[in-house]
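Student: Sequence and predicted structure below; questions after.
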Amino acid sequence: MSTTIEQLSTRHLLGIKDLKENDIQLILDTAANFKEVLNRPIKKVPSLRDITIANVFFENSTRTRLSFELAEKRLSADIVNFAASSSSVSKGETLIDTVNNILAMKVDMIVMRHPYAGAGVFLSKHVNAQIVNAGDGAHEHPTQALLDSFSIRERHGDMAGRKVAIIGDILHSRVALSNILCLQKQGAEVMVCGPTTLIPKYIGSLGVKVEHDLRKALNWCDVANMLRIQLERQDIAYFPSLREYSMLYGLNKEILDSLDKEITIMHPGPINRGVEITSDVADSKHSIILDQVENGVAVRMAVLYLLAGQRG
């Protein structure tokens, strides 16, 4: 689907909730062009040659940080990497002080991951740089939702009417909220599935279906996005044991083969193999998990490129 606009309607990427459907389509269409570039022998383009981007991560990250870094290098941007654990943050420096010190070095754009929801919004109001939210607490993770949509579109075509089930720890997942918003804006139907204790009370207000039976959810959907249990965000026991969770909500080959139709399996990573998904499912022909990783670079290139077009 082509789009008539050539610029995003927003100066930052703080969350999917700030994007219009046109913005989402523009990002996905631009990502398709960049994916073609990434498959060439020479993968680099000079699009962001005069732009400096700081990757500011206050939380551990492997795939997202590497994906952003690779996207920035492919666009020929200059990069500054910042890890909070080895910085003055551990000495008590505030978020604004930290970022202003980075901006004093003439940085144009900040890619930030932070443990607190709304950190990116707060920062965008206080510093003169473009902010890309690489995950804020259990709130949003917009580039993950965009790359998930890109991956579904690649496998299934148009998103309108597509049925997507998000299964697992919905309560603590920033991926779930961003995906719900992103999918709905493109006309997809969304269902969440998991134990009652891991489904947020507000979820009905987002207009999604709720299911507690894994097999029913899988038989309903075209695409199942399996989320990991986020033990690091859980301050109380939400279920008796990982073994019991896995018995009720873990996806294995036996369940997959017993369904009435073929479905596509996704996972934002990192995978807890043997808990929410078994190895034979994660590595099967139904899975597009590695496609998601590959598409992440193209989608993040598209986001950075389009935001850079908003500088002024």
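Tutor: It's in.
Student: From now on I want contacts and neighbour counts done on CA atoms only, so please keep to that.
Tutor: Will do.
Student: From the rest of the structure, what touches stretch 136-150?
Tutor: 13-16, 24, 28, 113-120, 133-135, 171-175, 177-179, 182-183, 268, 292, 295-296, 299-300 (Cα atoms under 8 Å, 6 or more residues apart in numbering).
Student: Could I get the average pLDDT for that stretch?
Tutor: Averaging pLDDT along stretch 136-150 yields 96.
Student: Can you report how many residues neighbour residue 268?
Tutor: Residue 268 has 20 neighbours, counted by other Cα atoms under 10 Å.
Student: Could you pull up phi and psi at it?
Tutor: phi -70, psi -10 (degrees, to the nearest 10).
Student: which residues does it contact?
Tutor: Under the criterion of Cα under 8 Å, 6+ apart, the neighbours of residue 268 are 144, 175, 225, 226, 227, 289, 292.
Student: Tell me the spacing between the second one and residue 167.
Tutor: In this view, residue 175 and residue 167 are 11 Å apart by Cα to Cα, to the nearest Å.
Student: higher neighbour count, the two?
Tutor: The residue with more neighbours, out of residue 175 and residue 167, is residue 167; 28 against 23, by other Cα under 10 Å.
Student: Was I right to think that one contacts residue 223?
Tutor: No. Contact criterion Cα atoms under 8 Å: residue 167 and residue 223 do not qualify, at 10.5 Å.
Student: returning to that earlier point: restricted to strands, list the contacts of stretch 136-150.
Tutor: Secondary structure from DSSP state E places 113, 114, 133, 134, 135 of the contacts of stretch 136-150 in strands.
Student: From residue 7, how far out is the second one?
Tutor: From residue 114 over to residue 7 the distance is 27 Å, taken as Cα to Cα.
Student: Over to residue 181?
Tutor: 21 Å.
Student: who has more neighbours, the two?
Tutor: Higher neighbour count among residue 181 and residue 7: residue 181, with 22 against 16, using other Cα under 10 Å.
Student: who's in contact with that one?
Tutor: Applying Cα under 8 Å, 6+ apart to residue 181 gives the contacts 16, 17.
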